[in-house]
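Build the 3D model from these lines:
(one chain, ligands or ions: 2)
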Amino acid sequence: MREFPMPDLPADGALLRVEVAGICGTDVKMYAKPMVTAPVIMGHENVGTIVAAGPQFVERQGLGEGDRVFVEHYVACYQCEWCRLGEYRHCEATDWRTNPDARRYGYTTCENPYHLWGGFAQFMYLPWNCVIHKLPDNVSEEEAGIITPLSNGIEWALHDAHVGFMSTVLIQGPGQQGLSQVVACRQAGASLIIVTGTTRDAARLELAQTLGADHTIDVEQDDALDRVLELTGGAGVDVVLDCTAGAGTTPVLLGIDALKRRAGTLLVQGEIDRFDGFPLKKLTEKAITVKSARGHSYRAVELAIEQLASKRFPLDLLTTHRFGLEEADRAIKAVGGEVDRDVIHVSLLPWLD
Ligand SMILES: [Zn+2]
Ligand SMILES: [Zn+2]
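Ligands and ions are numbered 1, 2, ... in the order given. Have a look, this model is predicted:
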């Protein structure tokens, strides 16, 4: 635990009282092996209320004191081509991998001015160029904590892989990300949604069905490829979405085989660096399109918020665990499956006693 003085707000800055910081698989990886070596306040899926805002901030954002907002972890330049398109995720000003001076919540070191660059804290600093979304009154802060996986679901399944009316989809992995894809695909009109998981995932696979999956496969009990072919009358699926963690090369290899004969789409996570035996020839012969899972656009976040506000799906079933700030270590380990296997989405509530 570390304390910082409250920031002296400039005219174009604001202060957020953090209500919920969602935790995801990336946090588990970052915590085990930090990607940034300088001290970082983690927490990149943040929801809160603006408690102070300078006049220029209010003028630029159209939001100010008292507004409840979801804060994207990207901090935009608002000048480049990507920012003009609402694709802040691709902006170089927020790309910590290529730009040492980049700003991104949960990744930017707290040694930078204003210090409060992460959601595992009671307050967060908002510059004029943060990317924020106002929350509807009927969406609770904890529900808003799943905006990020839901936006990713919309971005990857709908915008990237073009799931739509009568699509057939295989979603690998029933964690918060996989379950969010189920909701996005269901809403979009997919005719067949199959979700894979392991025996330990039994409760999550059941929830997948509650949220609209047509079939689930326990890959330890059944041959996943045989099952997919059986469920599709031998045809294979239109789209495969990889939402697994730590499953090695299996999801890619299964994905290529489970796709239909021609022109399917495979969404990959690229968790492993490289591997021998990648079936490039088969991929080419099947005319597969490969898409990369890479965050979310502004539009996807707006759609995720609308989806939550519609209450069409019992998305509150995803928010299974909550921890206070003192328990951040346990909270991250919970997401990593070290505390309780029934964990789906974990909220860190910095003001929880
Ligand atoms: Zn995340
Ligand atoms: Zn930009």
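
of all of the stretch 251-353 of the chain, which residue lies closest to ligand 1?
Gly295 (8.6 Å; C-beta to the ion). For every residue, glycine as well, the C-beta is placed using N, CA and C.

now swap in the stretch 51-200 of the chain and tell me
Closest point on the stretch 51-200 of the chain to ligand 1, by C-beta to the ion, is Thr148, at 5.5 Å.

Give me the pLDDT value at that residue.
The score at Thr148 is 96. That number is its pLDDT.

if we can go back for a sec, phi, psi of the residue of the stretch 251-353 of the chain closest to ligand 1?
Main-chain dihedrals, Gly295, degrees, to the nearest 10: phi 60, psi -150.

can you count the residues close to it?
19 (other C-beta atoms under 10 Å).

Likewise for the one 10 residues further on?
For Ile305, the count of nearby residues is 21 (other C-beta under 10 Å).

pLDDT at it, what is it?
For Ile305, the model assigns a pLDDT of 98.

same thing with the one 10 residues further on?
With respect to pLDDT, Leu315 scores 94.

for Glu271, same thing?
The model's pLDDT for Glu271 equals 81.

ok, now the one 10 residues further on?
In this model, Lys281 is scored at 97, pLDDT.

That one: which element?
Assigned by DSSP states H and E, Lys281 belongs to helix 280-285.

how far is that helix from where the chain is centred?
30 Å (C-alpha atoms, centre = their mean, to the nearest Å).

what's the next secondary structure element after it?
strand 289-292.

re earlier: which ones are touching the residue lying closest to the residue of the stretch 251-353 of the chain closest to ligand 1 once chain neighbours are set aside?
Spatial nearest neighbour of Gly295, chain neighbours left out: Arg89 (4.0 Å); criterion: C-beta to C-beta, 6 or more residues apart in numbering. Arg89 sits next to 74, 82, 294-297 when contact means C-beta atoms under 8 Å, 6 or more residues apart in numbering.

And for the residue in the stretch 251-353 of the chain that ligand 2 sits nearest to, the neighbour number?
Relative to ligand 2, the nearest point of the stretch 251-353 of the chain is Tyr298 (12.0 Å; C-beta to the ion). Neighbour count for Tyr298, taken as other C-beta under 10 Å: 19.

what's the answer for Ala52, then?
If we define neighbours as other C-beta under 10 Å, then Ala52 has 17 of them.

cool, Thr98 as well?
Count around Thr98 with other C-beta under 10 Å applied: 7.

Let me know the distance separating the residue nearest to Gly295 from ligand 2.
Arg89 is 10 Å from ligand 2, where distance means C-beta to the ion, to the nearest Å.

Tell me the pLDDT of that residue.
Confidence at Arg89, expressed as pLDDT, is 97.

At the contact with ligand 2, which residues of this structure appear?
77, 80, 83, 91 (C-beta under 5 Å from the ion).

one more time with 8 Å, if that's ok
For the chain, the contact set with ligand 2 under C-beta under 8 Å from the ion comprises 76-84, 88, 90-94.

What about the residues you listed, which are in helices?
Judged by DSSP state H, the residues of the chain next to ligand 2 include 81-84 as members of helices.

Contacts only, for Leu15.
Each residue near Leu15 by C-beta under 8 Å, 6+ apart is listed here: 6-7, 9, 50-53, 116, 123-126.

and it, backbone torsions?
Torsion angles, degrees, to the nearest 10, at Leu15: phi -120, psi 130.

which residues pair with it across the strands?
Note on Leu15: beta-bridge partners Ala52, Tyr125, judged by DSSP bridges.

what about stretch 263-279, distance to the chain center?
20 Å.

Give me the distance between the two termini of that stretch.
16 Å (C-alpha to C-alpha, to the nearest Å).

what about it and ligand 1, any contact?
No: contact between stretch 263-279 and ligand 1 is absent, the nearest approach being 12.3 Å (criterion: C-beta under 8 Å from the ion).

buried stuff in that stretch?
By neighbour count with 16 or more other C-beta atoms under 10 Å, stretch 263-279 contains the buried residues 264-267, 269, 271.

ok so, going back, and the residue of the stretch 51-200 of the chain closest to ligand 1, what does it touch?
22, 24, 44-45, 296 are the contacts of Thr148 under C-beta under 8 Å, 6+ apart.

Which ones among the buried residues of stretch 263-279 map onto strands?
265-267 (DSSP state E).

Output the residues you listed in CSV, with pLDDT and distance to Ile332 appended to each entry.
Formatted as CSV, these follow (pLDDT from 0 to 100; distance: C-beta to C-beta, whole Å):
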residue, pLDDT, distance to Ile332
Thr265, 98, 32
Leu266, 98, 30
Leu267, 98, 26
